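[1] Here you go, sequence then predicted model.
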Amino acid sequence: MNAYAIYAGKRLLQFALVVFIGINLAFIITHSTPIDPVEQTVATATAFGSTSPEAVEMMRQSLRELYGLGGSLWGQYAVFWKRIVVGDFGPSLSAFPTPVSVLINRALPWTIGLLTVSTILAWILGNLLGGLAGYYRDSKILKIAGIVAMGIHPIPYYIVAFVLLVVFGYLWPVLPITGGSQMNVQWGWNATFILSVLRHSILPVISLVLVGIGGWFMGMRSLVSNVVTEDYVTYAELAGVSRRRILGAYVMRNALVPQVTGLAMSLGSIFNGAIITEQVFGYPGIGTLLISAVHTGDYSLVIGIASVSIIAVSVCVLVIDLLYPLLDPRVKVS
Amino acid sequence: MRTLGSLALALVLASAGVPALAQEPISNLPRNQTLIVENPEGTIKNAGWFNIWAVNAGGQSTGLHQLAMDTFWYIDPQRGLDGVWMNSLASDKPIYNADFTEMTVKLRPGIFWSDGVEFTSADVVYTAELHMKTNGMRWSAPFQINVASVSAPDRNTVVFKLKKPNSRFHALFTVRWNAVWMMPKHIFEKVADPLKFDFNKPVSLGAYVLHSYDPNGKWFIWQMREDWQRTTLGRYGQPGPKYVAYVDPGPPDKRVIAQMNHELDIIHDTSAEGMFTLAKQSKTSRGWFKGFPYAHPDPTLPSVIFNDQNELFKDRRVRWALALVIDIKAVSMASYRGAATISAIAIPPTGTHTESYHAPMEAWLKAFELDTGKRKIKPYNPEVGKEIAEMLRPSLGDQIPKDPKEIAKSFGTGWWRPNPQAATELLQAAGFSKRGGDWYTPDGKVFTVKIVVEGEARPVMTRAGSMIAQQWRQFGIDAKTDVAQGTMNDRRASGDFDTIISWSVETWGGHPDLSFFLDSWHSQFVSLPGKSQTPRNWQRWSSPQLDKIIEQIRTVGFDDPKSLELGREYVKLMVQEMPVIPLMAYNVFTVMDETYWTGYPSAETDPYTDPVPNWGNSRAMMVKLKPTKQ
């Protein structure tokens, strides 16, 4: 247990270092961008109306003060870390004075909901079909399933999404192609809203599952193909254990360990958002928010989203690292 | 294997039930009483924010400024409901004193906020004074620069005393897209910090009130006020749509699909290809023009803008040489697939400008001579509009008008005749030389020109830039496009470009006065190289002659005929100096679906307003639209 404590301590230090470096990189990158949030705001505010040059110059100065961009970069860096340690990302510069945390909290549930469902669905279907295909190698249906999965997997995601849009939005318009719910539906835990959200998530989920399933399928099929050659599988067959039991209890269970790791990593990266999915399907979420923040030079919001993502992925990796020695006896703590 | 069979069966059964999933785009609202409009702002990240006086804190064209806001005056970019000038909250035009240091406004009585409180001069005084004492509000700066004091002698009169003479002070309160919107004193005076107040739910001065909105910022629904007669739109009759929904339908392809499914009544703008698809496949869709070129020419003038502080472009002969290498017909085809309305002069060919400027200047343009250093040429070709029409006629047939007036309205009149020989002479006169097919600058370097374009955010302008770069390359100039994407605003303001495809000319459209953009072109506002330039003189051009014209315009009234004369002087100077190369109007492919609504504005039958629905002026549409299905 002593060795495990040292191992856990090292992993925790690694975690803290990764998060610190990641957030610093986010600060440096956002502050190096040529997009000036004040210039974006001025451009939007003066794009159409009649504003004299003196007034625009005055607006620039007052916005710079309002957004807290007046001081030196080091001063901004110090303020930034003071806020970060108390979990405050400050106000959004493109939706001033609304706090960044409010915007992220509003968008995050949509992304988590969409990506959790699609990731788990793709994982279950991919592993199930991949496991079956690896074990029942002579099945024609599973061979076809393999060809389909491998055929769709390399197609760029946006093409799959666009085909779905055209088919179900135009040729056979039975599914909504934009938004997270129907217009004028009352938000809350009511059947109308829940059904509307489910309806609007069908196409984004299908697109993600279609593209995601192939990777899991191929990975699992390869793993199962290796496991079935193990001695204990041969002995089980010779001992007359049923094929279904061999597949479930002996083959799949052993082959799943690396796939579980992959699932954990995928779930961690959910917090990155699904930028293309959200853009193509007009789905609300963290990806849409991030794109808007980048276009408007909203440092605070970009850093907020990047930080949430960095922390989420790092936490997932940490949890896997900490659990692995406890779950899999083959992994030794050295 | 039985599991797989069950799965397949489940999928078949599920797909059979899919049609049941089809629904109306809006829940619990009658579609035949609801107008669905695209909001080009897209998804509003801070949807619950309706305090429009805080800069960019929330959405503007979510219906908020079209349906719930109001101010003294509107100038329509087209003909207007009863004329171009609309007295809205004001009952008359602005009244200035002799030296333009005081402006008096008479207010229209009987106008009420949606919560039943009467609108009075106290609201105006409150709006002005709050902006004067608060930094960081949308219109703080213009109030602080211009206004010495504001007073209300009675409930229906407001007097602004100005710090210095300003004959165009009323422009601050005159809607051309937007203007200073009046604030409800009775709401904001109870607020501790007006910059941190979300104004949710907004109290409206327009004919509609907020019905509901998506917290994710995808849609906003407005409902007609029961007391719509007590708003400034009330005198034009009852608005047609009971509900108006402003939505983010997504990128151009999805907008087209949505309109084909009759789920989007007005597309704000789409691609030329999207417009052509709708014209071909949707019988109920129509543009500003019933046929080709469909699009509405906005009072905005995309141009090749030189950085006139760049040594290479300080010589007008160089600027003219580059203009004479451009074949505008090819640019029109590349950018708008021919659906462009071209302009040789630095005035957008739209609204009343064609009558005020383009037609009267035609004779002068035909006679205009350019000295190439070796000879004098007449560069103007008055037939280009017709040539574009004839070029398109074989493929588009009857959609192309035959009447010369209609052709001019649709495609513009003339432009500069491509003349590589004259361009060569001009460049040589300016000290440039051509060796082995390539042009060299007077100091012996390769003549390189980068054309900054915005990229996929503005594909039409980007394609125009690419075509011009190609034409300049063919002439021997090392020209290439430089895609700015999200850095466009920063690069334009900082002067980080040789040339840029953008616009620095924006006008009222419905009024010949040019001060809307021209005042900002005075050399007093030109920044030093490398410093940020304030809108709109992006070309950073200084000219004593132009300064004189601007100073003269400042001293005459808005409607004074002298102002128009001075405007024409500006046009001549721009032709002679060519500090920007005007290309065409910014044509907007607004597409209107007549399945549920009729009475949209149109170029042929009733051009009562600009159909582009993110303009504050588009509120005029509400009283003209009629439902097709009761």
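    Good, I have the coordinates.
[2] quick one, what contacts B:Ala457?
    B:485-486, B:488 (CB atoms under 8 Å, 6 or more residues apart in numbering or on different chains). Backbone N, C-alpha and C define where each C-beta goes, glycine included.
[3] Of those, which are in range of chain A?
    Among the contacts of B:Ala457, proximity to chain A is found for B:Gly486 (CB under 8 Å from any CB of the partner chain).
[4] quick one: the strands in the stretch 201-350 of chain B?
    Assigned strands in the stretch 201-350 of chain B, in chain order: B:208-213, B:219-224, B:243-247, B:266-267, B:285-286, B:296-298, B:303-306 (criterion: DSSP state E, counting those that start in this stretch).
[5] In terms of pLDDT, where does the spatially most central residue of chain A sit?
    For chain A, the residue nearest the mean C-alpha position is A:Ile270 (2.1 Å; CA atoms, centre = their mean). A:Ile270 carries a pLDDT value of 77.
[6] Contacts only, for it.
    Per CB under 8 Å, 6+ apart, neighbours of A:Ile270: A:111-112, A:115-116, A:119, A:312.
[7] Swap in 6 Å and give it another go.
    A:Ile270 sits next to A:Leu115 when contact means CB atoms under 6 Å, 6 or more residues apart in numbering or on different chains.
[8] quick revisit: pipe the contacts of B:Ala457 into TSV and attach distance to B:Thr372, neighbour count and pLDDT per row.
    Shown next, in TSV, are the contacts of B:Ala457 (distance: CB to CB, whole Å; neighbours: other CB atoms under 10 Å in any protein chain shown; pLDDT from 0 to 100):
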residue	distance to B:Thr372	neighbour count	pLDDT
B:Gln485	38	12	84
B:Gly486	41	18	81
B:Met488	34	24	90
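[9] can you count the residues close to residue 85?
    Unless you meant another one, I'm taking chain A. 8 (other CB atoms under 10 Å in any protein chain shown).
[10] was after chain B, sorry
    17.
[11] is the longest strand along chain B anywhere near chain A?
    Ranked by residue count and defined by DSSP state E, the top strand of chain B is strand B:147-154. No - using CB under 6 Å from any CB of the partner chain, strand B:147-154 stays clear of chain A, with a minimum separation of 11.6 Å.
[12] and the residue in the stretch 251-400 of chain B that chain A sits nearest to, how far is that from B:Ser282?
    Using CB to the nearest CB, the single residue of the stretch 251-400 of chain B nearest to chain A is B:Ile257, 4.8 Å away. Distance, B:Ile257 to B:Ser282, by CB to CB, to the nearest Å: 11 Å.
[13] Then A:Arg221?
    47 Å.
[14] With B:Arg225 instead?
    33 Å.
[15] In terms of neighbours, single out the busier of the two.
    B:Arg225 (21 against 18).
[16] Would you enumerate the residues in contact with B:Gly234?
    B:Trp228.
[17] and stretch B:28-39, which residues are buried?
    B:29, B:31, B:33-39 (16 or more other CB atoms under 10 Å in any protein chain shown).
[18] Output those as JSON lines; include the columns secondary structure and pLDDT.
    Shown next, in JSON lines, are the buried residues of stretch B:28-39 (DSSP: H, G, I helix; E, B strand; the rest coil; pLDDT from 0 to 100):
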{"residue": "B:Leu29", "secondary structure": "coil", "pLDDT": "92"}
{"residue": "B:Arg31", "secondary structure": "helix", "pLDDT": "94"}
{"residue": "B:Gln33", "secondary structure": "helix", "pLDDT": "97"}
{"residue": "B:Thr34", "secondary structure": "strand", "pLDDT": "97"}
{"residue": "B:Leu35", "secondary structure": "strand", "pLDDT": "98"}
{"residue": "B:Ile36", "secondary structure": "strand", "pLDDT": "97"}
{"residue": "B:Val37", "secondary structure": "strand", "pLDDT": "98"}
{"residue": "B:Glu38", "secondary structure": "strand", "pLDDT": "97"}
{"residue": "B:Asn39", "secondary structure": "coil", "pLDDT": "96"}
